[in-house]
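J.: What would the 3D arrangement of this be:
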Amino acid sequence: MEKYFAGKFDIAVIGAGHAGIEAALAAARLGMKTLCFCTNLDAVGNMPCNPAIGGTGKGHLVRELDALGGEMGKAADAACIQYRMLNLGKGPAVHSLRAQADRAKYHSVTKAALEKQENLFLKQAEITEVLAENGAVTAVVTHLGAVYQVSAAIICTGTYLGGEIVIGESRVKSGPDGTRGSYELFEYLKNLGITLRRFKTGTPPRINRRSVDFSKLEIQYGDENIEPFSFDTDPENLKNSAVCHLTYTNAETHKIIMDSLDRSPIYSGAITGVGPRYCPSIETKVVRFADKSRHPLFIEPMGEDTNELYLQGFSSSMPEEVQMRMIRTLPGLENAEVTRPAYAIEYDCTDPTELWPTLESKKIAGLYGAGQFNGSSGYEEAAVQGFMAGVNAARKLKGESPFILKRSEAYIGALIDDLVTKGTDEPYRMMTSRSEYRLILRQDNADGRLAKFGYELGLVSRERYEKVLEKYAAVERELGRLERQGVPPSEELNAMLASRNTAAVTDGARLADLLRRPQVDYECLAPFDPGRPALSRAVREQVEISLKYEGYIQRQIKQVEEFSRLEEKAIPQGVDYASIKGLRLEAREKLAEIRPMNLGQASRISGVSPADMAVLMLYLSEK
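T.: The predicted structure follows:
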């Protein structure tokens, strides 16, 4: 292929999935002349695995991204057709928003955002080479020979890099949904010294709505009071225009699976890539949880203008005819017409411990990774990494300091820290349990935590930031008023308290103290608080959470203060760990490999013990 010079740009983003979208938009909005490549522009913002945004832990990421100035929350609100807040039976720390998306609309919304963005050039092409000189990125090359000179490249290849779709005995080189994969780039990355390994993920089948007997299914409605993903979205403009349904596997389903395991690529050894532990195939569920007589399956629409339904929880790589037999044992799907069979897809990704917390490669300056290329799974995990990579690539080219979020500041910080410090042996999925500080890193207060960073970066407008400041000023004013305002005892008040199984008031009480009771909420006090100001639902929510969890929140803030002491103690990058007496051999090797930026990061490296940390701290104190 004869090559030709196609132009000079600042940053190339390789891929236009959820990571690539955020990386390209962030870089362009920060003034960088940015290229975004996609092997097929009809696959921009594609949702090949699950047409939904959010979920446990993932909803936190979307809200945080929105607070920083990212796009996913706005796109989701423009395209989602059913909203549900998960874990409402638990405390607010684990409440997570999830919404069913119209897959085609999400694609059109995100593609339009890229097309309309100043400084951003969207192109259909496969990147086959990333060129570097003297250890730094210099250019990218397309499959048609176009050479684009760039100073940074962000790899957001998703499952396209080395992609192979597996259905039973069939194995086809392909990206998701039968799109063009990326294969030549693998060799060029290896030549640059980038470590690559093999992961896999799975996709459930699609069913034609006309062939489903809905009378046998349980209905799942959306929430009555919708909460949007974006803090800028007016909830009044959203509606649940779709319903979802629920069915279950049964003994017959399980028998077909067990009798066909010899044809399963997962169990025959045909699939060598490591799959996600927290999103296993249906055959893995049946084998791993043999004591369970059934597994729930969620039937969700792919969009408003299609009859295709998605069978969440039924990921599989079984042969097509086995899948058909399995599906037709399910209540309501006895006559199901499968429009697309389930499949597994294997792909190549890197070892994220080879990245700095900025997501820049430690081996090649100007080369960044984001999303599934970094070993994570999920649209939301990909999007936040893309944003952080785009921001950091732009800031580096502008000579500005890196932007790194701490674990104590955001789920985004915990996700990236886990990847680059601990690494991952399987597709990494964000969950609320991965954050030590989840009580203060709630999805409802993401704007209060992170809008200041978005504003300082230049990705959140002054107007929007001032709205956030006013919102939390209103929270503080109301907290102060409730602490001062008392309510006298009365028959009406005590009747209300009795109806909620909490003690009566005999000498009067402050409104704040009443609200601290678990059984009492802000709304039920309205008749006894006639002078209360008119406040938004978001402000009332913050007030109530602040009072009810005050002690726990203060305790966690103290933990964060202790954590920050270690995070603020920087480690010089030139440290020769092999020469530090007292460090165990494993610790020396791991510290030299990860090259932590501070003591906090060093303490989280697998293989570095508390004793090793004591030695390292003593060594640094003497420098």
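J.: what residues are up against residue 552?
T.: residue 439 (Cβ atoms under 8 Å, 6 or more residues apart in numbering). The way it works is simple: take the backbone N, C-alpha and C, and place the C-beta from them, glycine included.
J.: what helix or strand is it on?
T.: Per DSSP states H and E, residue 552 falls inside helix 550-567.
J.: For that helix, which residues meet the burial criterion?
T.: Buried residues in helix 550-567, counted by 16 or more other Cβ atoms under 10 Å: 553, 556, 560, 563, 566, 567.
J.: now swap in stretch 604-620 and tell me
T.: 605, 608, 612, 613, 615, 616, 619, 620.
J.: helix/strand/coil for the second one?
T.: In this case it means residue 608. Of the three states, residue 608 takes coil under DSSP: H, G, I helix; E, B strand; the rest coil.
J.: quick one on the thing from earlier: got the buried residues of helix 550-567 as a markdown table, with pLDDT and distance to residue 145 columns?
T.: Output for the buried residues of helix 550-567, formatted as a markdown table (pLDDT from 0 to 100; distance: Cβ to Cβ, whole Å):
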| residue | pLDDT | distance to residue 145 |
| --- | --- | --- |
| 553 | 94 | 58 |
| 556 | 93 | 56 |
| 560 | 91 | 52 |
| 563 | 86 | 51 |
| 566 | 85 | 50 |
| 567 | 89 | 47 |
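J.: got JSON lines for those residues, with distance to residue 181 too?
T.: Converted to JSON lines, the buried residues of helix 550-567 look like this (distance: Cβ to Cβ, whole Å):
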{"residue": "553", "distance to residue 181": "48"}
{"residue": "556", "distance to residue 181": "45"}
{"residue": "560", "distance to residue 181": "44"}
{"residue": "563", "distance to residue 181": "42"}
{"residue": "566", "distance to residue 181": "43"}
{"residue": "567", "distance to residue 181": "40"}
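J.: returning to what we had before: could you dump the buried residues of stretch 604-620 into CSV with secondary structure added?
T.: Output for the buried residues of stretch 604-620, formatted as CSV (three-state DSSP):
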residue, secondary structure
605, coil
608, coil
612, helix
613, helix
615, helix
616, helix
619, helix
620, helix
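J.: how about the strands of the stretch 1-150 of the chain, start to end?
T.: Along the stretch 1-150 of the chain, the segments classed as strands by DSSP state E, counting those that start in this stretch run 4-8, 11-14, 34-38, 52-54, 80-86, 96-101, 120-124, 127-133, 136-142, 146-149.
J.: same check, this time on the stretch 251-400 of the chain
T.: Under DSSP E, counting those that start in this stretch, the stretch 251-400 of the chain gives strands at 296-301, 308-312, 338-340, 343-350, 367-369.
J.: Show me what the third one is packed against.
T.: Here strand 338-340 touches strand 206-208, helix 320-327, going by 3 or more Cβ pairs under 8 Å, 6 or more residues apart in numbering; DSSP states H and E.
J.: tell me which residues in stretch 90-102 are buried?
T.: Those would be 92, 93, 94, 95, 96, 97, 98, 99, 100, 101, 102, for stretch 90-102 by 16+ other Cβ under 10 Å.
J.: Just flag the most distant two among those.
T.: 93 and 102 (30.2 Å; Cβ to Cβ).
J.: thinking again about what came up before, need the helices and strands packed on strand 338-340 in JSON lines with mean pLDDT, distance to residue 493 and mean neighbour count, can you?
T.: Output for the helices and strands packed on strand 338-340, formatted as JSON lines (pLDDT from 0 to 100; distance: least, Cβ to Cβ, whole Å; neighbours: other Cβ atoms under 10 Å):
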{"stretch": "strand 206-208", "mean pLDDT": "98", "distance to residue 493": "54", "mean neighbour count": "19"}
{"stretch": "helix 320-327", "mean pLDDT": "97", "distance to residue 493": "57", "mean neighbour count": "19"}
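J.: measure the residue nearest to residue 168 when sequence neighbours are not counted to residue 264 for me?
T.: With Cβ to Cβ, 6 or more residues apart in numbering as the criterion, residue 168 has its nearest non-adjacent residue at 2.8 Å, and that residue is residue 319. Distance, residue 319 to residue 264, using Cβ to Cβ, to the nearest Å: 9 Å.
J.: higher neighbour count, the two?
T.: residue 264 (23 against 18; other Cβ atoms under 10 Å).
J.: Can you tell me the closest non-neighbouring residue to that one?
T.: residue 283 is the one closest to residue 264 (Cβ to Cβ, 6+ apart), at 5.3 Å.
J.: Pull the number of nearby residues for that neighbour.
T.: Neighbour number of residue 283 under other Cβ under 10 Å is 26.
J.: separation between it and residue 253?
T.: 10 Å.
J.: ditto for residue 606
T.: 39 Å.
J.: cool, residue 119 as well?
T.: From residue 119 to residue 253 the distance is 52 Å (Cβ to Cβ).
J.: Comparing the two, which shows the higher neighbour count?
T.: In terms of neighbours (other Cβ under 10 Å), residue 253 is the more surrounded of residue 119 and residue 253; the figures are 22 against 17.
J.: send the alpha carbons of the longest helix along the chain over as PDB?
T.: Determined from DSSP state H, the single longest helix within the chain is helix 462-484. Written as PDB, here are the backbone C-alpha positions of helix 462-484 (Å, rounded to 0.1, in the frame of the first residue of the first chain):
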ATOM      1  CA  ARG A 462     -19.600  29.300  34.400                       C
ATOM      2  CA  GLU A 463     -23.400  29.300  34.300                       C
ATOM      3  CA  ARG A 464     -23.700  25.600  35.000                       C
ATOM      4  CA  TYR A 465     -21.100  25.800  37.800                       C
ATOM      5  CA  GLU A 466     -22.800  28.700  39.500                       C
ATOM      6  CA  LYS A 467     -26.100  26.600  39.500                       C
ATOM      7  CA  VAL A 468     -24.200  23.900  41.300                       C
ATOM      8  CA  LEU A 469     -22.800  26.300  43.800                       C
ATOM      9  CA  GLU A 470     -26.300  27.800  44.400                       C
ATOM     10  CA  LYS A 471     -27.800  24.300  44.800                       C
ATOM     11  CA  TYR A 472     -25.400  23.300  47.600                       C
ATOM     12  CA  ALA A 473     -25.700  26.800  49.200                       C
ATOM     13  CA  ALA A 474     -29.500  26.100  49.400                       C
ATOM     14  CA  VAL A 475     -28.700  22.800  51.000                       C
ATOM     15  CA  GLU A 476     -26.600  24.500  53.700                       C
ATOM     16  CA  ARG A 477     -29.200  27.200  54.300                       C
ATOM     17  CA  GLU A 478     -31.900  24.600  54.700                       C
ATOM     18  CA  LEU A 479     -29.800  22.500  57.100                       C
ATOM     19  CA  GLY A 480     -29.200  25.500  59.200                       C
ATOM     20  CA  ARG A 481     -32.900  26.400  59.300                       C
ATOM     21  CA  LEU A 482     -33.900  22.900  60.300                       C
ATOM     22  CA  GLU A 483     -31.400  22.900  63.100                       C
ATOM     23  CA  ARG A 484     -32.900  26.200  64.400                       C
END
